[in-house]
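[1] after the sequence you'll find the predicted model.
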Amino acid sequence: MKDMVCSKGFTLLEMIVAIGIFAVIAAISYGTLDQFLINREVIGEHRDQLRRIQTAMTLLEQDFRYASLRPVRDGFGDVQPPLVSGPGLEIGPGEVARLTTAQPNPALKNVQRLRRVAWRLGDGILSRVTWKVLDRDQDSVEYERMVLDEVDEFILSFFAYTEDEKLETLSDWQNPERLPVGVEVLITLDNGRQYRRIIEITAGV
C-alpha cells in the first residue's frame, strides 16, 4: 500500500493574522520613515538658516571692525559723518546704519580699500548696500545684496567712553569726529530666535 503524503497549507485565519501583523509593521515603519523625513527637512532648513546668519554676522563684523573716520559727500554734496546710525535719523528708506569701512586689501600688503556701505531692513529682508565711489553724485549707482530673510528686527547698539572713562551704551551714532569702540548686533528672526554679537571697532579704540 502506497504511503499517502499529506501537505498542509495556511488556513484562512493564519493568513488574516499574518496580513494583520504585516500591516502593523508597515504602518509603524511608514510612520518612522515619515517622521525621519520631516526631521531631516527641519534640520536642513535650520542648517541653511544658521549658514545665512553666519554670513550676515561675518559681513557685519568686517564692515564695523574696520570702520574708518573718513566722512563722505552724498549725491547732493552734503557731508555725511563716517558712521550714521539710529532709529530717529533720516538715513534712507529702511536703513539702520551707513558707514565708511577700510577693509584690508588681501592682494596688497598694508593697503586698505575704503568703501561706503549701508545696512537696510525692509519687508523682512536684511540687505547690504555698497557704492563704487565714496563721494557720490546723483548718478552714482548703488549695489544692494540680500544677506538674510525672515528678519523681524535688526538692532545696533554702540559702546563709547565718556569723558570720565566710563563705558556707555548708545542707540544711535552720528559723531563726525570719533567712532565708537564697539557695536552690539542683535538679529531677531520671524520664528523668535535671536542672534547677538559684539564687535570691536579697531579705529575707535
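    Received, thanks. Numbering: from 1, shown residues only.
[2] so for stretch 186-196, mean pLDDT?
    In this model, stretch 186-196 has a mean pLDDT of 94.
[3] now do the phi/psi pair for the residue most central in space within the chain.
    Closest residue to the average C-alpha location of the chain: residue 53 at 3.1 Å, with Cα atoms, centre = their mean. Dihedral pair for residue 53: phi -60, psi -40, per degrees, to the nearest 10.
[4] and for residue 191, the neighbour number?
    Burial of residue 191 is recorded as 9 neighbouring residues (other Cβ atoms under 10 Å). In short, each C-beta sits where N, CA and C put it, glycine included.
[5] state the distance from it to residue 124.
    In this view, residue 191 and residue 124 are 12 Å apart by Cβ to Cβ, to the nearest Å.
[6] need the overlap of contacts for these two.
    Here residue 191 and residue 124 share the contacting residues residue 150, scored by Cβ atoms under 8 Å, 6 or more residues apart in numbering.
[7] can you show me the helices along this structure?
    12-65 (DSSP state H).
[8] output the lowest mean pLDDT helix or strand found in it.
    helix 12-65 (a mean of 80; mean pLDDT, DSSP states H and E).
[9] and that helix, what does it pack against?
    Packing partners of helix 12-65 (3 or more Cβ pairs under 8 Å, 6 or more residues apart in numbering; DSSP states H and E): strand 95-104, strand 112-122, strand 125-131, strand 142-148, strand 182-189, strand 194-200.
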